[in-house]
Each structure stands twice: as C-alpha cells, then as structure tokens.
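1. Attaching a predicted model along with its sequence, questions to come.
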Amino acid sequence: MMDARRDTGAESGQIVISIHSEPQPTDLGDVRIANRAVVLRHVRLHAPCSRADIAARTGLNKATVSSLVAELIDQRLLRETGLTENRVGRPATMLVLDGEPYAALGLQIGADELVAVAIDLAGNRLLTWRRAFTPGTVSATETLRALAALARRAIGRVAAQGRTVLGLTVGVPGLVDPAGTVPSATALGWQEVPVAADLRAALREPAFTIGVDTVANLAALAEQRHGGHAGTADLVHLTGGLAIGAGIIADGRLLRGGRGFAGEIGHLCLDPAGPPCFCGNRGCLTALVGLPAVVRRLLPDVEVDGPVTDYLPEVQRIVALARQEDPAVLSGLAEIGRHLGRGVAVLVDLLNPEAVVVGDHLATLAPWLLPAARSGLSARAHAPGAGGCRLDASTLDTAAALGGATAALAGVEAGRLPAR
Ligand SMILES: [Zn+2]
C-alpha cells in the first residue's frame, strides 16, 4: 500500500501525505485515527456488516465502534443499508462504505496515451478516459500541461456529480522520489521533473493531496486490490510499455527500497551483445521485451516512415499476424517470451512471489509470449516449480491509473477524515 502519514496533524484543512512512511500512533488522537482505519478496512472487506460484527471481529469494544461508526456516517464514509442479519436476537442495522460523496483519481503516462481513472470509496470505477498522447516526442512541460488538462476535466466531471476529490496520484514510467519529483525517466527523456509540484501549481493548489509514483508500483497496487490475484501477499506486476519495471508487493506491502527506486528490473542485462538500450547499455530486459523493441523486432518495416510514436496500431498488427500464424512473428514472439521468462526468473529467485502478472503490451501479446516465458521461467528459476510462482497476464484495463486512484484513497483508508 501507499501508506499515508499526515505531516500536519489536523483532520481538516490542507494536509500533506508522505507516501513513503507508515502512520505511527503516538497519542489518543492517533489511536482514534488508527481505529477508524480498522473499522473502514473491516467494512471494505466484509460489507455489509453490523456494528456488533465489527466489534466482534476487530476486538474494538462496542462503545468505541458505535462512536467511530457515528462519526464515519456523519462524514459520509459509511452508510446504513437497512439490511438485517438473519440471526437470533434483535435485527442489526448493516453498514457499507458510502460510495456517493467522494472520488479518487489516478492518472497514468502511457507509451502513447494519457489515462485518467476515477473511483469511489468502494473502488467502483466512475470514469476511465484514455487520450492519445505521445510523451516520448514532446517536452516534460508539454506532457505535464496535457496531464493537468486531463486532470482538470476529470475533477470537473466528478465535482459535477457532487463528489469531493480525496486525492490524485500520477503514475510515471521512471524513478520517483518521495517528494514526487522524477529524477530520471529515461524512456521519456526526463531529468529532475518536479511532477507533483508542477501539477499542484497547474491545479491551483487543490485541497486534496497529489501523489506521484511509478506506473509499476501503482499497477501492482491495482493488482493486489482489484486484479486476478487480488489479496495475494507476495505479488509482482511487470509493466510493459516503453520501459519494463517491476512493482513488488512483498508480505502485503509495496517494496520501495531506501530511496523509493526498487523494482527497476528493466535494465537488467540479459545479453551483453544484445540490442542497444536507451539507457546506454546493451541487451537490457527493456531492450529485448519493451514495447519499442518488440515492435521493431516483429515489424521490420515499421520505421520506414520514421520513428514509431503511436504503438497501439502496431501492436494490433502484431496480434493480427500472430493470429494468422505468420511464422516469423510467431518465432519472434517465442524468442521474446524466452527473454521475458529469464527476466521473471530473476524476480522469482530474489522474491519468491506467488504470482508475477505482466501488463500492457506483454498482456496483449500474452497468448503467444507466456508459453515460452513459462518454459524459460521453469528452466531458469532455481526453486523447483519456479517456487510455486504463477506467471499470468493482467486482466486489468489501465492498471496504473486504477492503482493511482486506489493509492489516492490511502489517507482516508488510514483513518484520516477528508477535508470537505
Ligand atoms: Zn537499459
């Protein structure tokens, strides 16, 4: 999870979230915040449920639960459904998350698109917008301007539904530091881009928090919450797109490393004599299985009219050729699959995840990539049976933006009351 720590203690007004720290209860106010989080989490996982259920299952006493639930209903984070449990004794009023008054937003910078997703408190999608955009061909300033425009429209849409925005998180294919600056995103040609600060300024210092994270971390969060392996405690999401990156959930939490740069497996060298990578080295995982590499490898004529910027039609061409069983494309996909399997084997040996889920073009091409990748994984991983790891394609659409919206709920889910 992207954990929230509010730096100004108040439960109203503008607050700052550090996405890299844990809440640390230190006084009674913090205990109440932590207890709120416990109640919200219980309802999220077990709704509909009664106050008595919450008390029985969380260990909080009934008076505390009643008081917390009253407050959460008042804040419109919970609502009573009027359903009753069919059991001995007095019928109980059931509680669910109140999806109506709030929205959380996630944005994503993709290889050839910008994406916006909004969800409600219960994780239901309110909107999914994809806008064609080629971030690799324009400046960071232009990309952030387009991103801000998309964010403004999405904020306007949910505001028109009477919803308060709880937070917004942007996924970037590059390194992200705890302040929301991107020190380097080689795939985009970015150096030291203050994404969070620029976006805050472009959106005129909104009352909600703006976070920035890697697309890989956000996609991993989305997988853990909403994907085919939801709830898995040890899970890796391997992004496709311009740069390969791993979002790692270890023991139920995102693994970030000392400065937040963990998971950069894209520049693992698999073949020192391999094709050049935009990072300056050769034979990186990204240079072998990243989207530009795959398109160039499988469609040799693709750059006749200049560099590719719009990848979607090219991936669709590859899919069509694979369906027609074009021998060159099928053998190329198998070779790419073997490289992918070797990269995944490194993750499996290091982390022993229960599942590795591939996204973006790797998911689109999964029917042809994954058989070879699974064989490569089994052959390369040290533990028998790849340590029980399943290698699957993501079933989520726009995973990083969905994960961004999920991350934007972190403050409320940690028990902080929203600023309304
Ligand atoms: Zn590289």
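-> Perfect, thanks for sending it.
2. residues making contact with stretch 209-216?
-> For stretch 209-216, contacts defined as Cβ atoms under 8 Å, 6 or more residues apart in numbering pick out 2, 15-17, 19, 108-110, 167-176, 180-182, 195-196, 199-200, 203, 237-239, 241, 245-247, 263, 400, 404, 407-408, 411. To be clear about C-beta, it is placed using only N, CA and C from the backbone, and glycine gets the same treatment.
3. Send me that stretch as PDB with only the CA atoms.
-> Extracted in PDB, the C-alpha atoms of stretch 209-216 (Å, rounded to 0.1, in the frame of the first residue of the first chain):
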ATOM      1  CA  THR A 209      -3.200  15.500  -2.000                       C
ATOM      2  CA  ILE A 210      -1.300  14.900  -5.200                       C
ATOM      3  CA  GLY A 211       1.000  11.900  -5.200                       C
ATOM      4  CA  VAL A 212       3.400  10.600  -7.800                       C
ATOM      5  CA  ASP A 213       4.600   7.000  -8.100                       C
ATOM      6  CA  THR A 214       6.000   4.700 -10.700                       C
ATOM      7  CA  VAL A 215       3.500   3.100 -13.100                       C
ATOM      8  CA  ALA A 216       4.800  -0.300 -11.900                       C
END
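4. Return the set of buried residues in that stretch.
-> Thr209, Ile210, Gly211, Val212, Asp213, Thr214, Val215, Ala216 (16 or more other Cβ atoms under 10 Å).
5. got it, and stretch 387-395?
-> With burial defined by 16+ other Cβ under 10 Å, the residues of stretch 387-395 counted as buried are Gly387, Cys389, Leu391, Asp392, Ala393, Ser394.
6. Check stretch 361-374 too.
-> His361, Leu362, Ala363, Thr364, Leu365, Ala366, Trp368, Leu369, Leu370, Ala372, Ala373, Arg374.
7. Filter the contacts of stretch 209-216 down to the buried ones, PyMOL style.
-> Typed into PyMOL, the line below selects the buried ones among the contacts of stretch 209-216, using 16+ other Cβ under 10 Å:
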select buried, resi 2+15+17+19+108+109+110+167+168+169+170+171+172+173+174+175+176+180+181+182+195+196+199+200+203+237+238+239+241+245+246+247+263+400+404+407+408+411
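8. Strands - which of the contacts of stretch 209-216 land there?
-> Of the positions in the contacts of stretch 209-216, 108-109, 167-172, 182, 237-239, 245-247 sit in strands, assigned by DSSP state E.
9. Between all of these, which two are separated the most?
-> The largest separation in these, counting by Cβ to Cβ, is between Gly167 and Leu238 at 26.0 Å.
10. As a check, name the ranges of all strands in the stretch 101-250 of the chain.
-> Assigned by DSSP state E, counting those that start in this stretch, the stretch 101-250 of the chain shows strands spanning 102-109, 113-119, 125-132, 164-172, 182-185, 190-193, 209-214, 235-239, 245-250.
11. If you could redo that for the stretch 301-420 of the chain, that was the one I meant.
-> Going by DSSP E, counting those that start in this stretch, the stretch 301-420 of the chain shows strands at 355-358, 390-393.
12. Identify the residues contacting stretch 123-143?
-> For stretch 123-143, using Cβ under 8 Å, 6+ apart, the contacting residues are 99, 103, 109-120, 146, 150, 153-154, 157-158, 161, 163, 187-190, 193, 225-226, 242, 309-310, 397-398, 401-402, 406.
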